[in-house]
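A.B. asks: I need the structure of the sequence given here:
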Amino acid sequence: MADLVSVRINEILQSLSPISAEVCISRVPNFLREVNKKAYEPQVLAIGPFHDHGKDHLKAMEAHKIQYLQLLLKERWQNDVSIYVTKMREL
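C.D. replies: Predicted coordinates:
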C-alpha cells in the first residue's frame, strides 16, 4: 500500500505549473526600497546575491542552509559542490 502522504504530495507537485527556467531574484529599485526599507530586508532567511548573509539575525538560518546542502549532496552520492558553484556562476 502506498504512503498516503507521499501520494498526496506527488499529486500536488504534478498539478503545479512548470517552473520557468527564467525565474530569478531581482533587485528592488532604490526608490521602492526607500518607501519601506524593512519590507525588503530579509527577516529570517536570505537567498540570492543582494543581501548581507552575515547579519546576526540571519546567521542561524545560514547554518541550516549548509546542513540542507550537505543532505542534498549525500542523497546524490556527492561530496563536492564545485559543479554547483560552476553552474551558479554561469547564471
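A.B. asks: As a check, name the ranges of all helices in this protein.
C.D. replies: With DSSP state H, the ranges of helices along the chain come out as 4-15, 30-33, 59-75, 82-90.
A.B. asks: can you tell which of those is closest to residue 42?
C.D. replies: The stretch from those with the least distance to residue 42 (Cβ to Cβ) is helix 59-75; that distance is 8.8 Å. C-betas here are computed from N, CA, C, even on glycine.
A.B. asks: relative to helix 82-90, how tilted is that closest one?
C.D. replies: An angle of 120 degrees separates the directions of helix 59-75 and helix 82-90 when computed by axes from the mean of the first three to the mean of the last three Cα atoms, to 10 degrees.
A.B. asks: from the middle of its chain, how far away would helix 59-75 be?
C.D. replies: For helix 59-75, the distance between its averaged C-alpha position and the chain's averaged C-alpha position is 11 Å (Cα atoms, centre = their mean, to the nearest Å).
A.B. asks: Now mean neighbour count and distance to residue 39 too, for the helices of the chain, in JSON lines please.
C.D. replies: Written out in JSON lines, the entries for the helices of the chain read as follows (neighbours: other Cβ atoms under 10 Å; distance: least, Cβ to Cβ, whole Å):
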{"stretch": "helix 4-15", "mean neighbour count": "9", "distance to residue 39": "29"}
{"stretch": "helix 30-33", "mean neighbour count": "10", "distance to residue 39": "8"}
{"stretch": "helix 59-75", "mean neighbour count": "11", "distance to residue 39": "19"}
{"stretch": "helix 82-90", "mean neighbour count": "9", "distance to residue 39": "27"}
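A.B. asks: Let me have these in TSV, adding mean pLDDT as columns.
C.D. replies: TSV is the format used below for the helices of the chain (pLDDT from 0 to 100):
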stretch	mean pLDDT
helix 4-15	76
helix 30-33	86
helix 59-75	78
helix 82-90	78
